[in-house]
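S.K.: Would you be able to build a 3D model of this:
(chains A and B)
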Amino acid sequence: MPITLAANAMGTRFELVLLDDDTHRLRSVGELALREITDCHQRFNLFDPGSWLNSINRRAGDEAVGLDDLTFQLLDICQQVHRDSDGAFDITVAPLMYATGLHNPSGPGDAAQLEKARTCIGMHHMHLDPDAKTIRFAKPGMSLDLGAVAKGFAIDLAIELLQEHGVTCALLHGGTSTAGAIGSPPDQEAWRVKVRAHNATQSNESAITVHLNDSALSVSAPVGRVIESHGKTIGHIMDPRTTAPASCGAFAAAVGRSACLADAWSTALLVLGNRPAAMPKDMQAILPGQTVAEPVVSTTNQSTQTKPRGHTRVTTMEGVST
Amino acid sequence: MTETDRRTFLLQAGALTAAALVPGIAFAADVQLNAEISVAIIGMGRQGRSIAGELQKIKGVKVAAICDVDPGRLRSGARRVSGVATFETHSQLLDTAKDVSAVFIATPTHAHRTILEDAIAAGKHVYCEAPLASTVEDCKAITAAARGASTVCAAGLLARSNPVYKLARTFFRSDSVRDLIAMRAQSNDKTTWRNPSSDPAREKALNWRLDPALSTGLAGELGTHQFDVIHYYRGVYPTSIQGQGSIRLHKDGRKVYDTVSAALTFEDKSVLQYAATLGNSYEGTHEAFYGSNAAIKLAWTHGWMFKEADAPTQGWEVYANRQQFHNEEGITLIADATQLASQGKLKSGVGLPNPPLYYGLGDFLKSVTENTPVATTMQEGARATIIGILVDQAIRLGETVTIDPNLLGEA
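M.R.: A predicted model of the protein is given here:
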């Protein structure tokens, strides 16, 4: 029997659908998984001055800050995607997001502040020491924004916990833009997730169906928050290589074993507009106009509709009785 | 003093107190230690992990060792602490981790006493999560051990370390609230309170809070913190308790109530209405004091004052940030309002920048490294714990329990 649990975190709603006969136990396991997600929210929330991320941001310019295994693992993934995407993915854009007003409720800063922010962008200025497990910023004023990967990382941790507790069938999503699956629904081979472009109609004709079975999907799009700055409209996706708003396609999606990697790569793909050679071979890139050549498994009746990141509507779970 | 004289005195005292205190308090400053310290955490469940997370943010603190009898929790904890030694039992940790000078005890409540006694015997400074124990006998043993200790011992009750609560208390004790009419405390959440384990044999041990023989129920496990707030503000304990409870949502065979309420009556006939549930999260956890001039609502990271229309206006209010709650306007209680307003940062001062736990841990570490007084002594912790145990008893029995003041005095 399926049960659904949900929690608000990272500015959106996370939802878990779990299937098993022992619903009492399943609910308690699901609560534990949600706690992993809210824990990630508390630790990696850029907008909470008391978060672990902001503690790193405040201190790493002055000293090497010791990192726990999980934080190091997350930053290591970010560094890996930064390298493989030729800098299209970059978590050091926080000062730029603040200076442009995207992360500053008081609005955009002046030209000098914007210029200063630009000088401290670049993950090559972030030094991770794998032996000492520390992080250090080479430039003053640097700070990290994990908004592009935190949801995926949280879903990975939740999935890991669910599996440790024997859950064999589950679908999790964060704000309908990042989803992870354990196994498949009973008598079916995969969870079907539909990806629709932001401007698409409700018709499923324009949707791309992705099949998830022990895999994850993330979708990014240049929709959502925009601001007016110095007479221009700025979207929330920045190209860290140029420190200017990215010229994006309608959306980009990535499918892989890890929701965190999928999250990072969907952002990188949106900025790049095409699949780079260094993208891991076991990951799938989905861009507008493409057909999904090799679904993970065959079609089922279960589906989740996933809208690109930035769209705030809740996922619809077709065919899942909750 | 006549009633008119008293009122005049209170009005003056209140206005002066508020005006003087608002700019004077270094509100919610980051914890700064003068010395480095190596510590250990015993118990890596939810609270142990939270402690690890907050300690990680304090410069100069090295979490050198952690311990949990549950391998899954120990493994999970180790991933969240940099370069930490892991132990299965507290005895192994105390025998081996000699460089550790302070321990944080975050195990199930009924296991606190033995671990605390062993830690004190090993010469460690001890911070013990509250409630301190699940029986009155263990409370007395814990305070006896703390009295005999040459090290720092502190109870994990956070009101006395919480900058919002400390500030609001100055308003409570001034004319801002004035004559106390009533009190309310609630702790609402929607959760099973059930802990699964990857090892079914461990499930019973992990679910001690649902074991009537070990658990002090919602009133003991959660209410203790709120009963301590009432005592911190008023300086008195209740004299009798009436309680009741039922299982409203989680009909999974449990015996421990998921929804409870109690009325705690004080000597002056004022009453604290207490309610807690695991079936609904509306308005979460908070305490409220209703006075003839204003009500104060405290929700751990935030505090508000709701003034009566006929209450005197005080100078600091002009700078105050306000929030609307249906028909009520709450003045957010923050210090440094004048300074923040002049910097255009009034809103950034609303609420605590860190969780209350951070400030509680910081106070303990300062007591250890700088010999400052302990924020919450074991005696205060034990008395609040005993109140929690007695409220749970009243709820279980569905009867009135009279509190023997000697019982609290012995702790």
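
S.K.: Stretch B:154-172 spans what distance, first to last residue?
M.R.: End-to-end distance of stretch B:154-172 (C-alpha to C-alpha, to the nearest Å): 25 Å.

S.K.: Can you get me the centre-to-centre distance for it and its chain?
M.R.: Averaging C-alpha positions (C-alpha atoms, centre = their mean, to the nearest Å) puts stretch B:154-172 9 Å from its chain's average.

S.K.: Then stretch B:270-278?
M.R.: The answer for stretch B:270-278 is 16 Å, by C-alpha atoms, centre = their mean.

S.K.: So which elements touch whichever strand or helix holds residue B:118?
M.R.: For residue B:118, the host element (DSSP states H and E) is helix B:112-121. The contact analysis (3 or more C-beta pairs under 8 Å, 6 or more residues apart in numbering or on different chains; DSSP states H and E) places helix B:112-121 against helix B:90-96, strand B:102-105, strand B:125-129, helix B:136-147. For every residue, glycine as well, the C-beta is placed using N, CA and C.

S.K.: right, so of those, which gets closest to residue B:390?
M.R.: Minimum separation from residue B:390 across those (C-beta to C-beta) falls at helix B:136-147, 8.4 Å.

S.K.: Give me the helices and strands touching the closest one, please.
M.R.: Helix B:136-147 packs on helix B:112-121, helix B:378-397, going by 3+ C-beta pairs under 8 Å, 6+ apart.

S.K.: Recalculate using a threshold of 10 Å.
M.R.: Judged by 3 or more C-beta pairs under 10 Å, 6 or more residues apart in numbering or on different chains; DSSP states H and E, the packing partners of helix B:136-147 are helix B:112-121, strand B:125-129, strand B:153-156, helix B:378-397, helix B:405-410.

S.K.: In JSON lines: the helices and strands packed on helix B:112-121, plus distance to residue A:285 and mean pLDDT.
M.R.: Supplementary listing: the helices and strands packed on helix B:112-121 in JSON lines, determined by distance: least, C-beta to C-beta, whole Å; pLDDT from 0 to 100:
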{"stretch": "helix B:90-96", "distance to residue A:285": "48", "mean pLDDT": "98"}
{"stretch": "strand B:102-105", "distance to residue A:285": "46", "mean pLDDT": "98"}
{"stretch": "strand B:125-129", "distance to residue A:285": "48", "mean pLDDT": "98"}
{"stretch": "helix B:136-147", "distance to residue A:285": "60", "mean pLDDT": "98"}
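
S.K.: Now tabulate these in CSV and tack on mean neighbour count.
M.R.: Below are the helices and strands packed on helix B:112-121 laid out as CSV (neighbours: other C-beta atoms under 10 Å in any protein chain shown):
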stretch, mean neighbour count
helix B:90-96, 18
strand B:102-105, 26
strand B:125-129, 26
helix B:136-147, 20
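
S.K.: would CSV of the ones you listed with distance to residue B:282 be doable?
M.R.: Output for the helices and strands packed on helix B:112-121, formatted as CSV (distance: least, C-beta to C-beta, whole Å):
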stretch, distance to residue B:282
helix B:90-96, 38
strand B:102-105, 32
strand B:125-129, 26
helix B:136-147, 32
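
S.K.: which parts of the helix or strand where residue A:32 lies are buried?
M.R.: Taking DSSP H and E as the criterion, residue A:32 maps to helix A:23-44. By 16 or more other C-beta atoms under 10 Å in any protein chain shown, the buried positions in helix A:23-44 come out as A:24-37, A:39-44.

S.K.: gap between the two ends of stretch B:174-183?
M.R.: With C-alpha to C-alpha as the measure, stretch B:174-183 spans 17 Å from end to end.

S.K.: Am I right that residue B:222 is in contact with residue B:187?
M.R.: Yes: with contact defined as C-beta atoms under 10 Å, residue B:222 reaches residue B:187; the gap is 4.5 Å.

S.K.: between those two, what contacts are shared?
M.R.: Residues within reach of residue B:222 and of residue B:187 at once, by C-beta atoms under 10 Å, 6 or more residues apart in numbering or on different chains, are B:260, B:274, B:276, B:278, B:285.

S.K.: mind saving the C-alpha coords of the helix holding residue A:32 as PDB?
M.R.: Taking Å, rounded to 0.1, in the frame of the first residue of the first chain, the C-alpha atoms of helix A:23-44 are listed here in PDB:
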ATOM      1  CA  THR A  23       2.700   1.000   6.500                       C
ATOM      2  CA  HIS A  24       3.400   1.900  10.200                       C
ATOM      3  CA  ARG A  25       7.100   1.100   9.700                       C
ATOM      4  CA  LEU A  26       7.100   2.600   6.300                       C
ATOM      5  CA  ARG A  27       5.800   5.900   7.600                       C
ATOM      6  CA  SER A  28       8.500   6.100  10.300                       C
ATOM      7  CA  VAL A  29      11.200   5.300   7.700                       C
ATOM      8  CA  GLY A  30       9.800   8.000   5.500                       C
ATOM      9  CA  GLU A  31       9.900  10.500   8.300                       C
ATOM     10  CA  LEU A  32      13.600   9.600   8.800                       C
ATOM     11  CA  ALA A  33      14.200  10.200   5.100                       C
ATOM     12  CA  LEU A  34      12.500  13.500   5.300                       C
ATOM     13  CA  ARG A  35      14.700  14.400   8.200                       C
ATOM     14  CA  GLU A  36      17.700  13.900   5.900                       C
ATOM     15  CA  ILE A  37      16.200  16.400   3.600                       C
ATOM     16  CA  THR A  38      15.400  19.000   6.200                       C
ATOM     17  CA  ASP A  39      18.900  18.400   7.700                       C
ATOM     18  CA  CYS A  40      20.400  19.300   4.300                       C
ATOM     19  CA  HIS A  41      18.200  22.300   4.100                       C
ATOM     20  CA  GLN A  42      19.400  23.500   7.500                       C
ATOM     21  CA  ARG A  43      23.100  22.800   6.700                       C
ATOM     22  CA  PHE A  44      23.300  24.100   3.200                       C
END
